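Asker: Got a predicted model here, sequence first, then my questions.
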2 protein chains.
Amino acid sequence: MKQYTIAILGATGAVGTQMLQCLEEQDVPVGELRLLASARSAGKLMTFKGEEIAIQEARPEAFQGCDFVLGAADDAIARELLPKAVEAGAVVIDNSHAFRLDPDVPLVVPEVNGADALAHHGIIANPNCATIIGLVPTWPLHLAAGVTRMIVSTYQAASGTGAPGMAELEAQIQAMGRGEDIPEPHAFAAQLVSNLIPQIGGFDGEGYTSEEMKLQNEGRKIMHLPELRVNCTCVRVPVMRSHSESITLEFERDITVEEAREILAVAPGVKLVDDRDAASAHDRFPMPLDTSDQDLIWVGRLRRDISNPEPARGITFWCCGDQIRKGAATNAVQILKLLLA
Amino acid sequence: MKQYTIAILGATGAVGTQMLQCLEEQDVPVGELRLLASARSAGKLMTFKGEEIAIQEARPEAFQGCDFVLGAADDAIARELLPKAVEAGAVVIDNSHAFRLDPDVPLVVPEVNGADALAHHGIIANPNCATIIGLVPTWPLHLAAGVTRMIVSTYQAASGTGAPGMAELEAQIQAMGRGEDIPEPHAFAAQLVSNLIPQIGGFDGEGYTSEEMKLQNEGRKIMHLPELRVNCTCVRVPVMRSHSESITLEFERDITVEEAREILAVAPGVKLVDDRDAASAHDRFPMPLDTSDQDLIWVGRLRRDISNPEPARGITFWCCGDQIRKGAATNAVQILKLLLA
């Protein structure tokens, strides 16, 4: 079997580290793996398939001979370095926001628009985490009844701000647990433990945050629905690494809860956890604690939207998914596997 | 000035204890205060206006000579004992669910339907905490444009389960902070620290929880809007005592964001905290940490619902309020003051 030379740009971050693990778990035929990070990390060792690999400084020369580059760096580094990878002949799958809305760049959730990945011109973008987690269950319902409007409130984990966000929440829990003063926040705009922060990203003229607009802008592109209307409220919650979303959908055509349930029970990438009579809460509905460090979007609390004036045109549900895995690394490696297939 | 004999039924709980404090803060002319609780607490002392008062066992005889009884006990105790208080000639303001939907019982948020309180037949009900917190900012917008539909996702604090819920979350934070095993949950159906529990109350046939239906059923009664349609998703979050809500409203008539902002800036019971340019997150939007242990509903993230097909018929906002105070004790004492005025 052909073996590929693959580089991870930003290999030491939360998403980069997870990409390493996903390459191994998803049996990607890796010949050579190059781990690229800042000069500060160069020389440090990371383990892949039981073998230690030294981190290299992320410089354009490092892309020579690469078949694929997985981008897990921030927008500025992605913009600077990833075009060099394309020039060097590599195909890039990038997790940053830099190229997502570029009309020349496919934006791909494999369960939704996998075929788009094949029409790339060197770069394929990985969507925002909250977008991926919301669209995996929305798409099969759209196929059945045509979604026109989404109203979403998110409950987003600390991991969305990367390893520093997780470390900050952990330090705050430790301080509170020991009765000490909460250390001054840096990764977040305010204390996160025992609190909620209803802003992720900067504000636009309408008062929506950049994170909130991603669900509409990326959702329209991924689902090929330029008219889709999305109202999103993004909130950071004191949870470590799994995002949750409360989603209300409106449809063009009738869809009953029973139909939606049958669809979601077999939908790719979805695990339906929705047993109201279950003795254990863990079987009754998805919770971020249970959905951490696994690859599926768990969907539950499925019910008719009783506020929709048309009785069979609205569905409401709750879903949870690991932000670092399916919200980022897993999705990127799934795209890579689509290209190899 | 006339002094009144007032009893608190369930004085030792989170809400009962807060009622004691609210009576003092709101300058209620209390002649005699009777603190009623279970036989287990009888004889213990609580402090009111610097004076120690011994707790009495909650028995029908304890209501003799009472002018008012504030109910902070559970539904079963409320059903058993509060009719005896009415028979003894007291006027009851009850925080339990027992009488809320009884057509003979006014259900009152003073900022919304204070006049209803005056038409009582001995019992006035205090609404559910999430209902009060959501309706205080919704009502003045309704007066301007006629609300027809509410889509709400809640972020509800541990205090909604009373003192045992707060103690359980605190113990979990302590254990996690010290790296110890999380103690088995009792007050909640699952671990709450670093987790979310998307069920509060039991399920109905449609799959909504009792807590979710309160916002529609109590909201219709309080606002005198029998046709109001509400889709609510109630989620328990690891926050100590302030509830937050992400609310999308639909209206009969046009209302701009600017109009909504002017209305909320002067609305009774509301504090508008919505300065996108503020340097500090604490001035930019409401957070549960900042809204704990005070009496107003803080409203922010006010914006047009860009998903509403009619451009000026939808408003979205975020609000936070202390669950024990305005969500329960403060509201009850405000009703009492209405009756005295």
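Answerer: Alright, I've got the coordinates.
Asker: Now the residue in the stretch 101-250 of chain A that chain B sits nearest to. Nearest residue, chain neighbours left out?
Answerer: Chain B sits closest to residue A:177 of the stretch 101-250 of chain A, with a gap of 1.5 Å, by C-beta to the nearest C-beta. From N, CA and C alone the C-beta is placed, and that goes for glycine too. Counting by C-beta to C-beta, 6 or more residues apart in numbering or on different chains, residue A:177 lies nearest to residue B:177, which is 1.5 Å off, once chain neighbours are set aside.
Asker: do the same with residue A:296
Answerer: Spatial nearest neighbour of residue A:296, chain neighbours left out: residue A:271 (4.3 Å); criterion: C-beta to C-beta, 6+ apart.
Asker: Now do the same contact list for that neighbour.
Answerer: The contact partners of residue A:271, by C-beta atoms under 8 Å, 6 or more residues apart in numbering or on different chains, come to A:286, A:296, A:297, A:298, A:299.
Asker: Tell me if I am right that residue A:211 is in a strand.
Answerer: No - counting by DSSP: H, G, I helix; E, B strand; the rest coil, residue A:211 is not part of a strand but helix.
Asker: if we can go back for a sec, give the burial count for the residue of the stretch 101-250 of chain A closest to chain B, as a bare number.
Answerer: Neighbour count of residue A:177, defined by other C-beta atoms under 10 Å in any protein chain shown: 21.
Asker: pLDDT value on it, please?
Answerer: pLDDT for residue A:177: 94.
Asker: List phi and psi for it.
Answerer: phi -60, psi -30 (degrees, to the nearest 10).
Asker: from what I can see it touches residue B:176, true?
Answerer: Yes - if you go by C-beta atoms under 8 Å, residue A:177 and residue B:176 touch, sitting 6.0 Å apart.
Asker: Residue A:253: which element?
Answerer: Following DSSP states H and E, one finds residue A:253 outside all helices and strands.
Asker: Could you report the pLDDT at it?
Answerer: Value listed for residue A:253 in the pLDDT field: 98.
Asker: How about residue A:117?
Answerer: 98.
Asker: Equivalent analysis for residue A:1, please.
Answerer: For residue A:1, the model assigns a pLDDT of 80.
Asker: Okay, it and residue A:189: tell me how far apart.
Answerer: Going from residue A:1 to residue A:189 by C-beta to C-beta, to the nearest Å gives 48 Å.
Asker: So for the two, which residue has more residues nearby?
Answerer: Neighbour count, other C-beta under 10 Å: between residue A:1 and residue A:189, residue A:189 has more, with 17 against 5.
Asker: Where does that one fall, secondary structure wise?
Answerer: Using DSSP H and E, residue A:189 falls within no helix or strand.
Asker: Disregarding flanking residues, what is the spatial nearest neighbour of it?
Answerer: residue B:281 is the one closest to residue A:189 (C-beta to C-beta, 6+ apart), at 3.7 Å.
Asker: Contact partners for the one you found?
Answerer: Taking C-beta under 8 Å, 6+ apart, one finds A:189, A:190, A:197, A:199, B:287 in contact with residue B:281.
Asker: swap in residue A:93?
Answerer: A:68, A:69, A:70, A:71, A:123, A:124, A:125, A:126, A:332, A:335, A:336.
Asker: Those: which two are farthest apart?
Answerer: Of all pairs drawn from these, the greatest distance, 14.2 Å, lies between A:68 and A:125 (C-beta to C-beta).
Asker: before we move on, what SS does the closest residue to residue A:209 other than its chain neighbours have?
Answerer: Counting by C-beta to C-beta, 6+ apart, residue A:201 is the residue found nearest to residue A:209 once chain neighbours are left out, at 4.3 Å. Put simply, residue A:201 is coil when judged by three-state DSSP.
Asker: Pretty sure residue A:123 sits against residue A:92.
Answerer: Yes - between residue A:123 and residue A:92 there is a contact under C-beta under 8 Å: 4.6 Å.
Asker: Residues that sit against both of the two, list them.
Answerer: By C-beta under 8 Å, 6+ apart, the residues touching both residue A:123 and residue A:92 are A:82, A:86.
Asker: Stretch A:72-86: which residues count as buried?
Answerer: By 16 or more other C-beta atoms under 10 Å in any protein chain shown, the buried positions in stretch A:72-86 come out as A:72, A:73, A:77, A:78, A:81, A:82, A:83, A:84, A:85, A:86.
Asker: residues contacting the second one?
Answerer: When you say that, I think you mean residue A:73. By C-beta under 8 Å, 6+ apart, the residues touching residue A:73 are A:9, A:10, A:13, A:16, A:58, A:81, A:96.
Asker: Which of those residues fall within strands?
Answerer: residue A:9 (DSSP state E).
Asker: With pLDDT and distance to residue A:327 added, can I get the contacts of residue A:73 in TSV?
Answerer: Formatted as TSV, those follow (pLDDT from 0 to 100; distance: C-beta to C-beta, whole Å):
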residue	pLDDT	distance to residue A:327
A:9	98	18
A:10	97	16
A:13	95	14
A:16	97	14
A:58	97	23
A:81	98	23
A:96	97	14
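Asker: what about stretch A:23-39, start to end distance?
Answerer: Length of stretch A:23-39, first residue to last, C-alpha to C-alpha, to the nearest Å: 24 Å.
Asker: Repeat that for stretch A:113-126.
Answerer: OK, stretch A:113-126 end separation, C-alpha to C-alpha: 12 Å.
Asker: And the contacts of that stretch?
Answerer: A:71, A:82, A:86, A:90-95, A:98-100, A:102, A:104-108, A:110, A:132, A:222-224, A:328, A:331-332, A:335, A:338-339.
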